[in-house]
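J.: predicted model follows, preceded by the sequence.
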Amino acid sequence: MNTYSKNKVLLSAENIHLQYGEKKILRDINFNIRDIQREGVEQGQVVALIGRSGIGKTQLFKTLSGLIKPTEGMVRIGEDQHPVKAGEVGIVPQNYILFNHRTIYQNLRIGLDNGEVKLTEDEKRRIIADYANTFELTEHLKKYPAQLSGGQRQRVSIIQQVLTGNKFILLDEPFSGLDILMVDRVIKLLLKVSTLSEQNTLIIVSHDIENATAVADTVWVLGNGDGKPGATIKKEYDLCEMGLAWKPEIRTDRKFVELIDEIKQQL
Ligand SMILES: Nc1ncnc2c1ncn2[C@@H]1O[C@H](COP(=O)(O)OP(=O)(O)OP(=O)(O)O)[C@@H](O)[C@H]1O
């Protein structure tokens with residue numbers, strides 16, 4: 001039996017509206033992501049943001065990370081709920097940009113160098129070795145990004161963000177362009193990152209409903225509704241409450257299959 005509770009708000013949006021000229025892109029976006037506490041597990045938060053192509057996922061993503069300022073409303077972050085600033089939310093872009101003329105080790109170091117805590121060279125080496133070991137990258141540390149597969153580069157990019165110490169990480173379409181085996185590995189990696197620290201919060205932007213839902217504890221469906229212009233969170237599913245969170249074998253669960261069907265119909 002899973003015992004959990006939802007506590008302090010870690011990320012929130014209050015009445016977000018985004019408009020370019022006359023064109024309304026987002027409207028009435030309101031949510032709270034709360035700190036999930038689960039007995040015996042360092043459990044972070046994983047939200048899947050699902051919506052059709054062109055609906056406004058990227059615009060919401062940029063708003064949440066402080067990269068664009070909404071026309072109205074406010075995004076707040078952290079236990080003290082201060083207004084979000086650019087740089088406080090780590091971003092893993094779709095094409096996972098790495099520095100091509102630097103080794104994987106050096107790319108990971110960039111994450112640590114950009115972190116808030118100042119570390120000695122020895123500490124940095126140890127932390128990188130540790131993460132590389134956990135995420136099966138040890139044999140690649142001396143290689144350059146071009147010598148890695150797309151999936152391996154993506155793993156480096158995700159870990160780079162983890163190493164900056166950002167508790168909030170947004171991932172843009174992390175499953176696209178990967179074969180089935182790689183998708184499974186990314187799912188395992190995301191689950192691992194989400195349990196590294198209780199406050200770690202991942203927001204996965206995707207149109208891959210099944211995979212995004214399988215790793216999430218919460219699903220937001222972004223869409224149009226009520227005949228009004230602009231996209232909003234049409235529906236929020238609390239997978240903890242539904243008993244569908246934190247179960248790696250979830251895909252064969254009848255309730256999960258029915259949920260995927262229901263989400264598809266909302267898009
Ligand atoms: N600077 C801008 N000025 C005007 N309209 C914009 C601007 N940027 C984005 N849009 C519009 O906002 C809408 C949402 O775009 P967005 O990129 O967020 O969609 P998306 O859901 O991420 O799509 P995809 O899944 O295809 O990447 C689109 O109709 C787009 O044309």
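T.: Okay, I see it.

J.: helix, strand or coil for the residue nearest to residue 37 when sequence neighbours are not counted?
T.: Once flanking residues are discounted, residue 37 sits nearest to residue 5: 5.2 Å by C-beta to C-beta, 6 or more residues apart in numbering. All C-beta atoms are positioned from the backbone trio N, CA, C, and that covers glycine. Assigned by DSSP: H, G, I helix; E, B strand; the rest coil, the conformation of residue 5 is strand.

J.: do you know how far residue 5 is from residue 168?
T.: Applying C-beta to C-beta, to the nearest Å, the value for residue 5 to residue 168 is 21 Å.

J.: who's more crowded, those two?
T.: Comparing residue 5 with residue 168 by other C-beta atoms under 10 Å, the one with more neighbours is residue 168, at 24 against 11.

J.: correct me, but that one touches residue 85?
T.: No - Residue 168 is beyond contact range of residue 85, at 11.7 Å (criterion: C-beta atoms under 8 Å).

J.: show me the domain layout of the chain.
T.: The chain breaks down by the TED database into domains covering 4-88+166-266, 93-163.

J.: which of the ones you listed comes out lowest on mean pLDDT?
T.: With a mean of 88, domain 93-163 has the lowest mean pLDDT of the domains of the chain.

J.: residues in contact with the spatially closest residue to residue 55 that is not a sequence neighbour?
T.: Nearest non-adjacent residue to residue 55, counting by C-beta to C-beta, 6+ apart: residue 231, 4.9 Å away. Applying C-beta atoms under 8 Å, 6 or more residues apart in numbering, we find residue 231 in contact with 25-27, 51, 55-56, 60, 222-224.

J.: make JSON lines out of these and add secondary structure, neighbour count and distance to the ligand.
T.: Output for the contacts of residue 231, formatted as JSON lines (DSSP: H, G, I helix; E, B strand; the rest coil; neighbours: other C-beta atoms under 10 Å; distance: C-beta to the nearest ligand atom, whole Å):
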{"residue": "25", "secondary structure": "strand", "neighbour count": "19", "distance to the ligand": "4"}
{"residue": "26", "secondary structure": "strand", "neighbour count": "24", "distance to the ligand": "8"}
{"residue": "27", "secondary structure": "strand", "neighbour count": "22", "distance to the ligand": "12"}
{"residue": "51", "secondary structure": "coil", "neighbour count": "23", "distance to the ligand": "5"}
{"residue": "55", "secondary structure": "coil", "neighbour count": "20", "distance to the ligand": "4"}
{"residue": "56", "secondary structure": "coil", "neighbour count": "22", "distance to the ligand": "4"}
{"residue": "60", "secondary structure": "helix", "neighbour count": "29", "distance to the ligand": "7"}
{"residue": "222", "secondary structure": "strand", "neighbour count": "23", "distance to the ligand": "7"}
{"residue": "223", "secondary structure": "strand", "neighbour count": "17", "distance to the ligand": "10"}
{"residue": "224", "secondary structure": "coil", "neighbour count": "16", "distance to the ligand": "11"}
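
J.: cool, thanks, talk later.
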